[in-house]
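**Student:** Here is a sequence together with a model predicted from it:
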Amino acid sequence: MKPIPSPYASLLDALRLLPNIRPACERDRLGEAKYHASCSPDHTASVNGVSVTLIELQELFLHTEGGGSPRISPAGAALLLRLFEQGAFDFPEHRQVEGGLELLTQYSKGLATLVETAFWRKARRPRSVEPAQIFEQRRVPAVEATTVRRPAAGFNVTIHRLM
């Protein structure tokens, strides 16, 4: 039996609609904020100085019966837009997403039923070099070790190993 698709968009896909952020890192930070809000006596947390409640954060992490990745409700999309506008996300990347904010705004107002899952794939930068080629370029060729020189007498060496 085929699982019923969720009426909600994936949280990661919704984050991918926001320009210049790292979606997976921000998803993890929002998850940490949700955890801190759940442990807090007043059920609030701060995301880079922007105060959010546990109820708001729960709208970002809806789970379906079949499991899978967290889903986001329209109210959660509105929270993402508020956090984005107030500068709660880090902007380390120059990743442009054309129409992403508009689509997320429509979703937050209930005008879009589902964020198209293939929408964000258009914004990916093409890879110029295959990962295997990058690995080969970084790899240092093995050089045969010459004879090992022992330290002079009276020179003590202590090796600490962290476990």
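**Tutor:** Yep, that arrived.
**Student:** For the chain, which helix or strand comes out least confident on mean pLDDT?
**Tutor:** helix 131-138 (a mean of 58; mean pLDDT, DSSP states H and E).
**Student:** how long is stretch 65-82 from one end to the other?
**Tutor:** 29 Å (Cα to Cα, to the nearest Å).
**Student:** which residues sit against it?
**Tutor:** By Cβ atoms under 8 Å, 6 or more residues apart in numbering, the list of residues contacting stretch 65-82 from outside reads 3-4, 6, 8-12, 14-15, 18, 27, 50, 52, 56-57, 59-64, 101, 104-105, 107-110. The C-beta positions use only the backbone N, C-alpha and C, and glycine is treated the same way.
**Student:** hmm, 6 Å instead?
**Tutor:** Residues outside stretch 65-82 that contact it (Cβ atoms under 6 Å, 6 or more residues apart in numbering): 3, 6, 8-11, 14, 56, 59-62, 104, 107-108, 110.
**Student:** Just the ones of those residues in helices?
**Tutor:** Judged by DSSP state H, these include 11, 14, 56, 104, 107-108 as members of helices.
**Student:** Could you find the closest non-adjacent residue to residue 77?
**Tutor:** residue 108 (3.8 Å; Cβ to Cβ, 6 or more residues apart in numbering).
**Student:** now residue 45
**Tutor:** residue 37 (3.8 Å).
**Student:** now residue 40
**Tutor:** Counting by Cβ to Cβ, 6+ apart, the residue nearest residue 40 is residue 54, at 7.8 Å.
**Student:** got the buried residues for the longest helix seen in the chain?
**Tutor:** Longest helix in the chain, counting residues (DSSP H): helix 23-39. Across helix 23-39, burial judged by 16 or more other Cβ atoms under 10 Å covers 23, 26-27, 29-30, 33-34, 36-37.
**Student:** Quick one: the residues you listed as a markdown table, columns for pLDDT and distance to residue 75 too.
**Tutor:** As requested, the buried residues of helix 23-39 are exported to a markdown table (pLDDT from 0 to 100; distance: Cβ to Cβ, whole Å):
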| residue | pLDDT | distance to residue 75 |
| --- | --- | --- |
| 23 | 86 | 19 |
| 26 | 89 | 18 |
| 27 | 90 | 17 |
| 29 | 92 | 19 |
| 30 | 92 | 14 |
| 33 | 92 | 16 |
| 34 | 93 | 14 |
| 36 | 92 | 20 |
| 37 | 93 | 16 |
